[in-house]
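**Student:** need a 3D model of the following:
(chains A and B)
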Amino acid sequence: MADVALRNIRKSFGGAQVIHGVNLEIRDGEFVVFVGPSGCGKSTLLRLIAGLEDITSGDLYIDGDRVNDLAPAKRRIAMVFQSYALYPHMNVYENMAFGLELAKASKAEIDQRVREAARLLQIDELLDRKPKQLSGGQRQRVAIGRAIVRDPKVFLFDEPLSNLDAALRVQTRIEIAKLHSDTRATMIYVTHDQVEAMTLADRIVVLNKGRIEQVGTPLELYHRPANLFVAGFIGSPQMNFIQCEVAGAGPDGVLVRLPHGGTLAVPVQADGLRPGEPVTLGVRPDHVHVREGGILRGRIELVEQLGENHLLYVNADGLRLTSREPGDSRHRTGGEVGLDFSGESCHVFRPSGEALSALTSAAGSTGTARSRIA
Amino acid sequence: MTEAAATGTPSAYASIRGGSSALTRTRVRAAWTFIAPTLIVLALVAGWPLARTIWFSLTDADLNNLGDYTFIGFENYLANYDGEWFGLLTDPDWWLSVWNTVWFALVSVSIETVLGTIVALILNAAFPGRGVMRAIILIPWAIPTVVSAKMWNWMLHDQFGVINDMLLRLGLIAAPITWTANPVTALWTVVMVDVWKTTPFMALLILAALQMLPQDIYEAAKVDGVHPVRVFFRVTLPLIKPALLVAVIFRTLDALRVFDLIYVLTANSRDTMSMSVFARQQLVDFQEVGLGSAASTLIFLIIALLVVITMAAGRVRLGGDSR
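**Tutor:** Sure, this is the predicted structure:
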């Protein structure tokens, strides 16, 4: 168990820089999830920490030691791969023991560690099987078991659930969370699935194009996204974005003029915004409610019934909004509805994409401190 | 819809077992139609010559007059006149050629397998110019055997050869060596040229197997800190073993019927004579079609036997692997 520190880490492949100066402190025992769209550099960052790729510049510390020049094996890390990476010709026991055999561990000690890990993961019945005789979920458990027996300082997971079906993914997710609470090991986990990120992480690192967009607890990211990218990436369905204009700014917040007339007062710090400046208004589908005489009126393009809730996709004179309401919908595609949302539930983003801070008295959020932009 | 499909399955099974439904008969007829041309061609170009060779081996046919021969049974193989045994099976030259061939096949294929694996491992590594290297390494394999054998003949020439010249200049030998004529060096020389020529083939087959291997397990081994040599023997080698075995069988079959290389390098020298060279000598030089055919038939039987043994051994080992 150890803390991990990334100081101005950069990575270039040939002439192309893919990681642009990442700074991050991961505390001992913390579960940190790297999340982002494909190609954002999250897997590369993990491979840099693992030592499978060389760091172009910057410093990487594990447990206080600079490990840039250490081979992967010397970093005391264990990695679980998306494709499991099991040795196909070895049985489960041999797969888990193979990495230990040269760590000067005695046969008895290896045996004890393998069986203990197998018991923990409930694969002790499968020790004689070959990987191809196992289901995807069992294979992934063997891969996790292989990581556990090494007793690493840091666990690295590279999209470990992507090859599993939906039900197994949820189950394995819970097992990984349990593993973390049992071992309190430092874990770094890469995924493109924001549900995995939200459910597993102590802190989430949102990456985009090789840069950190925001670091924070799952709820911080959800309620106080630092910028347009994080606002759009976290939360499903995606946050609604409305191009607006500043009508007025004062100590009570910003008055925003909506594209089809009408204004809305949003309690955020105006921070030098001037009337007439373009801004983006963001509001989550859960905060857009169906109400006759609301701010907007539009035609329903699609209704998705999900059982516990339903989604309405509404087109208000070219402005597309999504609304999520609990229960079944009585609306039909093609019908007209009024939509309403409150200024308290809205986010305002500058043209640069940066979010305006909420006024401290703002309602409609958990009121957590705004996380820093790295 | 589902009902029809459900009832359709048992009846389909029944028709396969009974083999009597119209659909099954049509399928069987179609299958034979597609196979027939191949079978006919094979019978003409492989079956007929083989049958004719076996037939001639039971006669006293002569190359001068192939139409005039008599059936003599197994006398070409083994015959007893006045208490003395004659025939191929008692001919020391024949058994020498068998031994030469088997020795040649074992030694050359062993060396080619080891060298081919090393070359394949090198070509499998990422380095600039790898594509060009892969093409270059194939050149010896691409040159016709007769051409490369002639080329080596000149390089190995006892008076004008570049190899003797180099070794003399380096002071490694005191006098030129007659590489292909000296009984001590002749067979080794043949092996050396064969290794030069066919290592690329082995390397290519093994390279193909190496490239099929998943890369992630190597990264896992790296994270686990497994030494590369250990990774090769514990991970790479077991995983490419099936392909390696196929390559070895291919090459062994090829080596057992070696002819052109030995014939061009050493002509009819007894020291290097392979089974094929022996058969040709009997058949063409001595014009004894009967005896030559008997030798050819024995080559066929010996190779067939070795293939069956190799395949059986291979299957046992492969079966043990996938247990």
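
**Student:** where do the helices of the stretch 151-300 of chain A begin and end?
**Tutor:** Using DSSP state H, counting those that start in this stretch, the helices assigned to the stretch 151-300 of chain A run over residues A:166-183, A:194-200, A:218-223, A:228-233.

**Student:** out of the ones you listed, nearest to A:T56?
**Tutor:** helix A:228-233 (24.2 Å; Cβ to Cβ). The way it works is simple: take the backbone N, C-alpha and C, and place the C-beta from them, glycine included.

**Student:** before we move on, the earlier item: please identify the most buried of the helices of the stretch 151-300 of chain A.
**Tutor:** helix A:228-233 (a mean of 23; mean count of other Cβ atoms under 10 Å in any protein chain shown).

**Student:** contacts for it?
**Tutor:** The contact list for helix A:228-233, computed with Cβ atoms under 8 Å, 6 or more residues apart in numbering or on different chains, reads A:35-37, A:194, A:206, A:208, A:213-214, A:221, A:225, A:238-239, A:241, A:280, A:282, A:347, A:349, A:353, A:355.

**Student:** keep those residues, but drop any that are not near chain B.
**Tutor:** Residues of the contacts of helix A:228-233 in contact with chain B (Cβ under 8 Å from any Cβ of the partner chain): none.

**Student:** buried subset of the residues you listed, written for PyMOL?
**Tutor:** In PyMOL syntax, the buried subset of the contacts of helix A:228-233 is picked out as below (16 or more other Cβ atoms under 10 Å in any protein chain shown):
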select buried, chain A and resi 35+36+194+206+208+213+214+221+225+239+241+280+282+347+349+355
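
**Student:** check the helices of the stretch 151-300 of chain A for me: which has the lowest mean pLDDT.
**Tutor:** Ranked by mean pLDDT, the helices of the stretch 151-300 of chain A bottom out at helix A:166-183, with a mean of 89.

**Student:** quick check: bridge partners of B:E288?
**Tutor:** For B:E288, the beta-bridge partners under DSSP bridges are B:D62.

**Student:** show me what contacts A:A117?
**Tutor:** A:M96, A:G145, A:I148, A:V149.

**Student:** tally of neighbours for residue 285?
**Tutor:** Picked chain A for this. Under the neighbour criterion other Cβ atoms under 10 Å in any protein chain shown, A:P285 is assigned a count of 21.

**Student:** could you do chain B instead?
**Tutor:** Using other Cβ under 10 Å, B:D285 has 11 other residues around it.

**Student:** quick check: closest non-adjacent residue to it.
**Tutor:** Leaving aside its sequence neighbours, B:D285 sits nearest to B:N268 (Cβ to Cβ, 6 or more residues apart in numbering or on different chains; 7.2 Å).

**Student:** that neighbour in helix, strand or coil?
**Tutor:** coil (DSSP: H, G, I helix; E, B strand; the rest coil).

**Student:** got a list of what it touches?
**Tutor:** Going by Cβ under 8 Å, 6+ apart, B:N268 touches B:V277, B:Q281, B:D285.

**Student:** let's see it at 10 Å
**Tutor:** Taking Cβ atoms under 10 Å, 6 or more residues apart in numbering or on different chains, we find B:N268 in contact with B:I262, B:V277, B:F278, B:R280, B:Q281, B:D285.

**Student:** one more: B:V146?
**Tutor:** Contacts of B:V146 by Cβ under 10 Å, 6+ apart are B:D260, B:L261, B:Y263, B:V264.

**Student:** and it, that one's in a helix?
**Tutor:** Yes. Checked against three-state DSSP, B:V146 lies within a helix.

**Student:** pull the most distant pair out of the contacts of A:A117.
**Tutor:** Greatest spatial distance in the contacts of A:A117: A:M96 and A:I148, 8.4 Å, computed using Cβ to Cβ.

**Student:** quick one: which of those two has more around it?
**Tutor:** Neighbours around A:M96 and A:I148, counted as other Cβ under 10 Å, are more numerous at A:M96. The numbers are 29 against 23.

**Student:** how is the chain carved up into domains?
**Tutor:** Picked chain A for this. Domains of chain A are assigned by automatic domain parsing as A:4-229, A:236-349.

**Student:** could you do chain B instead?
**Tutor:** Listed by automatic domain parsing, the domain ranges of chain B are B:2-40, B:91-321.

**Student:** okay, the ones you listed, which one's buried deepest?
**Tutor:** Compared across the domains of chain B, domain B:91-321 shows the largest average neighbour count, a mean of 17 (mean count of other Cβ under 10 Å).

**Student:** off-centre distance for that domain?
**Tutor:** Domain B:91-321 has its C-alpha centroid displaced from the chain centroid by 9 Å (Cα atoms, centre = their mean, to the nearest Å).

**Student:** repeat that for stretch A:177-194.
**Tutor:** Counting by Cα atoms, centre = their mean, stretch A:177-194 comes out at 12 Å from the chain centroid.

**Student:** just stretch B:84-94 next, same as before
**Tutor:** Worked out by Cα atoms, centre = their mean, stretch B:84-94 lies 26 Å from the chain centre.

**Student:** other residues contacting it?
**Tutor:** Stretch B:84-94 is contacted from outside by B:57, B:74-80, B:95, B:97, B:270, B:273, B:275, B:278-279, B:281-282, B:291-292, B:294-295, B:297-298, using Cβ under 10 Å, 6+ apart.

**Student:** OK, contacts around the nearest residue to A:S38 once chain neighbours are set aside?
**Tutor:** Take A:S38 and drop its neighbours on the chain: the residue closest to it by Cβ to Cβ, 6+ apart is A:H192, 6.2 Å away. A:H192 sits next to A:F34, A:V35, A:G36, A:P37, A:S38, A:C40, A:K42, A:S43, A:E159, A:S162, A:F233 when contact means Cβ under 10 Å, 6+ apart.

**Student:** which pair in those residues spans the largest distance?
**Tutor:** A:S162 and A:F233 (17.5 Å).

**Student:** got any ranges where the chain has weak pLDDT?
**Tutor:** If you meant another chain, say so; for now it's chain A. A:1, A:102-104, A:360-374 (pLDDT under 70).

**Student:** you answered for a different chain; I wanted chain B.
**Tutor:** Applying pLDDT under 70 to chain B flags residues B:1-20, B:314-323.
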